[in-house]
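Peer 1: sequence-free structure coming up:
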Ligand SMILES: Cc1ncc(C[n+]2csc(CCOP(=O)(O)OP(=O)(O)O)c2C)c(N)n1
Ligand SMILES: [Mg+2]
C-alpha cells in the first residue's frame, strides 16, 4: 500500500465526515469504515468515463448501502463527473445534486437509486444478466464489445434482506461470473451488533448459494482488497462475494460502535479523527496530490478504456456489418414495431380471458422487439406471460425467458436491473395478489422513471375457489396511489393490446397491467386508440344522460349491459371505460370534462377496494372486505356484480 493510497483514503474519510457534519445529518460510520474499499475499486479497477457518462460498456457500480452516498458523491467528484465541490458541500440540502441517498437520473454518474437495503444487490443481478446476454449475442472472437463487470458495495443490512437472498440464489444458479459484491462486513448495524440478530456462517452460506467466497481480513489494506478483486475478476463462472472486514467509524472516538452509524460527528470528534489519521489538510477540500491521483487513475484510465473500446467497435463495424447495425439498435433501444398488421386480434363477440390475450400479444411482441426479456415467478402457465427463445441460463444465454422461481421481489428488482442496464427491456409476471411481494421494486422503478413492466393475472375476487389469500382487493389502490406508475386494467382484448403496445414504448414510468383469470367478452364498444387516453366513453344512452357509470376490467361489459337495461327504467347513464387513472389524469381539463361532466352524477364499479375511485366518482360499488373461496358464479352473486344486481344497484343510487 503506497503512501498516496493512505493519503487518499484519509482524505475521503475526513472530507466525508465533514460533509455529514456540515449537513447535520448523514451516515459517517460506513464512510470511515469503507473508504478503502471504494478507493481501491475506483482507482484500480472501475472503468467509467465522466466525459461519456452513459458509455455502453462501462463497469456498473451499485452502492447498495445507499446510506453511504457520501462515498459515491466523493468518487464522482474526484473522477470528473458533474458533481462539484459546492455540490459536495450542499450534501442533503434542498435541490442539491447530492441528496441523502443516491438518486438515478438526478446526479450524474449514479447508476441506480438506492437506500432501501437489499434492492441494490438484487437489481445488480439484472445488470449482470443484461451484460451476459448482450455479450453472448454480440461478442466475436477477440472482439468483446460487451465486456464489463457489475460491482456492488453492500453492508450487513443489505444481506439480511430477503430480496438479496432471492436474487443471489438466482445469480448463483445462473453462474453470473462478472458480478462482484464487496461486502463491508463491520459486525455493526444501526441498532447495535450484527450478532444480536444474525449468526450465519457467511462463507458456507454463499458457497451453498453457488457463489465464490473470498475474504479480506484487514479492510484497511488496499492491496489485499485489490488482490481479492483481481481474483474475483478471473470469472470462474460463479458470482463472487468478497467479505471485507472493516471497522465502522474507523478513526472516530466511537469507532466500532453503532452510535457512529448514522449520527454526524461533533467538531471535536472530527478533530480527534484528524489527529488519529494524522491528517492535517484544510476542511472540505481535497489536496492536490489526491485530486491528481484520481484524475490519473480513474478519469484518465476510464477515458482510455472508452477510447480503446471505440477502436474495438470500429474494427467490429467493418468485420461484422450486420451485427454492428443490430448492436447500435440495441444500444439506442430504437426498436419499432414494424408489422403492426400481424398483431393478434379477437373479434367482438368472442370470449377470451385477458391473461390469454396478454400472453399471445407478448409472444407477438417478442418477434417484433428483439430486446425484450421477460419471465415469471414460476407462473408462466398461469399468467401466460413467457419470454421468447427458451429459458435463459448458462446453457442458453440467449434465452429471453427467465425462470425466476417463486422469487417475486427479486424478479421485479432484476427486471429493473435489466432495464437500467440499457439495451434490453425487462418485464415480469405473477399473480396480482402477490404483487405485494414486489411492490418496493415497482416503487423504485417509478422513482427512477424507469419503464420496467409488471404484468399480472388473476386480478380480482373472480379468482374464485382459491379463496381470499389469492383474491386481490387493495392492490389496485396500492399501485394507483404510487406516484409515476401507470396502472392499467384492460377490459378486453382491444384494450389489453393497446395497453401492451403503449407499455413497451419509450416511457418515463413503469407500467403495471392486470389481467383476468376468467374469460371475458370482447366488446364492440371498446377502442384501442381511445383507451390510450386512460378513459373514454363506451356507451351513450338514447336520451341525455344524467349519470356516468365508470368501470374497467372485467366489470365493464356488465356495466354496459346494465346501462342498457336501465333505460327501460328511465335512468340514463353514459358508461366510461377507465383502464388507466394515471393516463386519464394527464388529459386536458376539456377532455376530462367531456368524459366526466361535473354536473352529472357519477358512480364507479370495480371488484376491488373502493378508495381509488372517489377521485372521480360520487359513489363507488366495490369490495372493501377480503373475498371468499367459492366458484366464480357464486362470487358474482355474493358480491352483487351480476348484471341484474348492478341494475338494481344503479336504480337505487342514480338520478
Ligand atoms: C429496507 C430498509 N430497512 C431499513 C433501513 C434503515 N437503515 C439504513 S442503514 C441501516 C443499518 C444497516 O446496517 P449495515 O448495512 O450494517 O450498515 P452500517 O451500520 O454498517 O453502515 C438501517 C436499518 C433501510 N435503509 N432500508
Ligand atoms: Mg454493518
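Peer 2: Sure, I can see it. Predicted model, so just to flag it, every value in this text is computed and none were measured. Ligands and ions are numbered 1, 2, ... in the order given.

Peer 1: show me what counts as buried in stretch 380-389.
Peer 2: 380, 382, 383, 384, 385, 386, 387, 388 (16 or more other CB atoms under 10 Å). (Glycine included, C-beta is placed from N, CA and C.)

Peer 1: tell me which residues are up against the helix or strand of the chain with the lowest mean pLDDT.
Peer 2: Using mean pLDDT, DSSP states H and E, helix 380-383 stands out as the lowest-scoring helix or strand of the chain, at a mean of 92. Under the criterion CB atoms under 8 Å, 6 or more residues apart in numbering, residues 355, 358-359, 376, 386, 401, 429-431, 455-458, 515 lie in contact with helix 380-383.

Peer 1: what distance do you get for the residue in the stretch 451-600 of the chain positioned nearest to ligand 1 to residue 101?
Peer 2: The nearest approach of the stretch 451-600 of the chain to ligand 1 comes at residue 482, 16.7 Å away (CB to the nearest ligand atom). Going from residue 482 to residue 101 by CB to CB, to the nearest Å gives 18 Å.

Peer 1: what's the answer for residue 621, then?
Peer 2: 42 Å.

Peer 1: which one of these two is surrounded by more residues?
Peer 2: residue 621 (24 against 18; other CB atoms under 10 Å).

Peer 1: dihedrals phi and psi, the closest residue to that one other than its chain neighbours?
Peer 2: Nearest in space to residue 621, with sequence neighbours left out and distances taken as CB to CB, 6 or more residues apart in numbering, is residue 605 at 4.8 Å. Phi and psi for residue 605, reported as degrees, to the nearest 10, are phi -130, psi 120.

Peer 1: quick check: residue 605 touching residue 560?
Peer 2: No. Using CB atoms under 8 Å, residue 605 is not in contact with residue 560; the gap is 10.9 Å.

Peer 1: give me the more crowded residue out of the two.
Peer 2: Set residue 605 next to residue 560 and count neighbours by other CB under 10 Å: residue 605 wins out with 26 against 23.

Peer 1: is it true that residue 541 touches residue 568?
Peer 2: No. Checked against CB under 8 Å, the pair residue 541 and residue 568 is beyond contact range at 11.2 Å.

Peer 1: contacts only, for the closest residue to residue 614 other than its chain neighbours.
Peer 2: Closest residue to residue 614 apart from its sequence neighbours, by CB to CB, 6+ apart: residue 620 at 6.3 Å. Residues in contact with residue 620 (CB under 8 Å, 6+ apart) are 603, 604, 605, 606, 610, 613, 614.

Peer 1: narrow these to those in strands?
Peer 2: The members of the contacts of residue 620 that map onto strands under DSSP state E are 603, 604, 605.

Peer 1: specify the beta-bridge partners of the second one.
Peer 2: When bridges are assigned using DSSP bridges, the partners listed for residue 604 are residue 550, residue 620.

Peer 1: neighbours of it, how many?
Peer 2: 25.

Peer 1: do I have it right that it meets residue 613?
Peer 2: Yes. Contact criterion CB under 8 Å: residue 604 and residue 613 qualify, at 3.6 Å.

Peer 1: now do the shared contacts for the two.
Peer 2: Counting by CB under 8 Å, 6+ apart, the residues touching both residue 604 and residue 613 are 550, 620, 622.

Peer 1: and the gap between the residue of the chain found nearest ligand 2 and residue 118?
Peer 2: Relative to ligand 2, the nearest point of the chain is residue 156 (3.7 Å; CB to the ion). To residue 118, residue 156 is 11 Å away according to CB to CB.

Peer 1: neighbour count for these two, which is higher?
Peer 2: Each of residue 156 and residue 118 has its neighbours counted (other CB under 10 Å); residue 118 has more, 25 against 22.

Peer 1: now do the contacts for the residue lying closest to that one once chain neighbours are set aside.
Peer 2: Excluding its sequence neighbours, the residue lying closest to residue 118 (CB to CB, 6+ apart) is residue 161, at 2.6 Å. With contacts defined as CB under 8 Å, 6+ apart, residue 161 is in contact with 117, 118, 119, 121.

Peer 1: what does the pLDDT read for the residue of the chain closest to ligand 2?
Peer 2: On the pLDDT scale, residue 156 is placed at 98.

Peer 1: could I get the contacting residues of it?
Peer 2: Per CB under 8 Å, 6+ apart, neighbours of residue 156: 184, 185, 186, 187, 188, 189, 194, 198.

Peer 1: mind checking which of the contacts of residue 620 are buried?
Peer 2: Here, 16+ other CB under 10 Å leaves 603, 604, 605, 606, 610, 613 buried among the contacts of residue 620.

Peer 1: what confidence value was assigned to residue 519?
Peer 2: Reading off the model, residue 519 has pLDDT 96.

Peer 1: please identify which helix or strand holds the spatially closest residue to residue 84 that is not a sequence neighbour.
Peer 2: Of all residues not flanking residue 84 in the chain, residue 77 sits nearest, at 7.0 Å (CB to CB, 6+ apart). Per DSSP states H and E: residue 77 is located in helix 69-78.

Peer 1: that helix near ligand 1 anywhere?
Peer 2: No. Using CB under 6 Å from any ligand atom, we find that helix 69-78 stays clear of ligand 1, coming within 10.7 Å at best.
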